[in-house]
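> how would this look folded up:
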Amino acid sequence: MAQRPWRRTGLKPPASAALGVLLALALLALSHLPPPPDRSPHPLPALSPPGPQPEAAAPLSGVQTRSKRLPISPVHLQWDQPPGQGRRRRRGVGGDAPPWLSNDDLQKMQLLASGQVVSKTRVPAHGQVLRVGLRAMGDAERDASPASPEWECQDGRCGLIKRPRDLYEVLAFHLDRVLGLNRSLPAVARRFTSHLLPYSYTDGSLRPIIWWAPDLWHLEDVNNDQNSCALGWLQYQEMLQPHGPAVTAGDASCSSIPRGEWSRLALFDFLLQVHDRLDRYCCGFQPDASEPCMEEMLHEKCRNPAELVLVHILVRRSAPSRLVFIDNAGRLQHPEEKLNFRLLQGIDSFPAAAVATLRSGRLQNLLLESLHMDRELWESQGGAEGLRPLLRTIDRRARILLRYIQERNLTVFEDSLR
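Here you go, the predicted structure:
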């Protein structure tokens, strides 16, 4: 191509020009020779633009991580290392766990949800409740040792399996944490397959399992072993007075409970309509004939307040000034026109953080975010759509409670005892 103009004019290219052309061609050829081997420790530069980078490894569950706090699919708790191997981080497929669930909560939830059942014992006077020893997956130190129910439970590795109808206990646990009360024991929903359990526990039904606190303070009285102290209704009302009398020396476990603890309990029980602790006689509403307080003829005792006692008033020996909320199944089907305001009697202030959450208008969404951590419960209830009716019930009760506080000009207190 470069020589055509010269031929077209009939002229010969000058020698110097031809030499220049040859030199240019030689340089061009040299530039295309492969470079000598690079003996330096640095990698060779890319000869072409880099292609698509390989994708990062997927999480262990095989589900890609989403950036939203509340993903569509339920969250499985995942740990960076197996239990017992180094420090764990809170992480779920949908992102970090909600801040109101502590690391201790998440570890106990993981144990309850996936721990191997290694022992079982009946709980006296609770025919449909089993206490089971649990062994965490990957717990090599315990794999070779024989299971001992008492040893496992004293080590904090036991749970109570309760009836399918007690599933509300799981919802109650998350409500407790969302409100910042932190008085309920961790609970999850689970289906059991262990050969150690009776068939009624392994038939595929979903049951709640609640962490067993090894140091709950029980009275030695077999007729009143579900209390840390014997407390009557009239005595309880006296304790709620600003300068009420102290409990007798024999009930030291109750005398150390500050008034704020009773406020937390009353707020929690009102939202769930739990009557068994503060009003097991159903004195605060007209019960149906099917209510236990009617079947056991307890309601008749409402005529004599001196006979009324509180039940399930428990503390831990390691924290005698903090109540422990147990048996929190609640009654979300309890009609709104029969709400039991007796549960609030004598309470003149409420924890500020809990009241602020009720006022925020976000209670339902916060509960959904928290319940989303329990895969079994979430799926069994049909996800957010199935849970919404229950959460709306709690939200309506919260609004009624806020109106109750406002109309009576009650106060709030800062929660110094967490």
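> okay, CA-based contacts and neighbour counts for the rest of this
OK.
> Pretty sure residue 368 sits against residue 384.
Yes: when contacts are counted by C-alpha atoms under 8 Å, residue 368 is listed as touching residue 384 (6.6 Å).
> in what helix or strand does residue 278 lie?
Per DSSP states H and E, residue 278 falls between elements, in no helix or strand.
> Counting neighbours, what do you get for it?
26 (other C-alpha atoms under 10 Å).
> per-residue confidence for it?
pLDDT recorded at residue 278 is 97.
> which regions of the stretch 101-250 of the chain sit below the pLDDT cut-off?
Confidence mapping of the stretch 101-250 of the chain against pLDDT under 70 gives the ranges 125-127, 138-150, 222-225, 244-250.
> Which residue ranges of the stretch 301-418 of the chain form strands?
314-316, 319-324, 349-351, 411-413 (DSSP state E, counting those that start in this stretch).
> Ok, which of these comes nearest residue 361?
Nearest to residue 361 among the strands of the stretch 301-418 of the chain is strand 349-351; the distance by C-alpha to C-alpha comes to 17.0 Å.
> which helices and strands does the lengthiest helix in the chain pack with?
Using DSSP state H, we find that the single longest helix of the chain is helix 383-407. The helices and strands touching helix 383-407, judged by 3 or more C-alpha pairs under 8 Å, 6 or more residues apart in numbering; DSSP states H and E, are helix 259-272, helix 352-359, helix 363-371.
> Other residues contacting it?
Helix 383-407 is contacted by residues 270-272, 332, 336, 355, 358-359, 363-364, 367-368, 372, 378, 381, 411 when judged by C-alpha atoms under 8 Å, 6 or more residues apart in numbering.
> same check, this time on stretch 109-127
Here stretch 109-127 has contacts from 77, 129-137, 147-149, 157, 159, 186-190, 194, 196-197, 209-211, using C-alpha under 8 Å, 6+ apart.
> Select from those every entry located in strands.
77, 129-135, 159, 187-190, 209-211 (DSSP state E).
> now, which of these sits nearest residue 286?
Using C-alpha to C-alpha, the ones in strands among the contacts of stretch 109-127 come closest to residue 286 at residue 129, 29.2 Å.
> Tell me if I'm right that the closest one and residue 163 touch.
Yes: contact criterion C-alpha under 8 Å: residue 129 and residue 163 qualify, at 7.0 Å.
> pLDDT of the longest helix of the chain, averaged?
Mean predicted confidence for helix 383-407 is 98.
> List the buried residues for that helix?
383-384, 387-388, 391, 393-395, 397-398, 401-402, 405 (16 or more other C-alpha atoms under 10 Å).
> Measure how buried the closest residue to residue 162 other than its chain neighbours is and give me the count.
Nearest in space to residue 162, with sequence neighbours left out and distances taken as C-alpha to C-alpha, 6 or more residues apart in numbering, is residue 129 at 5.0 Å. Neighbourhood size, residue 129 [other C-alpha under 10 Å]: 16.
> my read: residue 349 touches residue 411, true?
Yes: assessed by C-alpha under 8 Å, residue 349 is found in contact with residue 411 at 4.6 Å.
> Of these two, give the one with the bigger neighbour count.
Neighbours were counted for residue 349 and for residue 411 using other C-alpha under 10 Å; residue 349 has more, 18 against 13.
> got a list of what that one touches?
260, 263, 410, 411, 412, 413.
> what's the answer for residue 212, then?
Contacts of residue 212 by C-alpha under 8 Å, 6+ apart are 153, 156, 157, 158, 159, 160, 185.
> any idea how far residue 153 is from it?
Distance from residue 212 to residue 153, counting by C-alpha to C-alpha, to the nearest Å: 7 Å.
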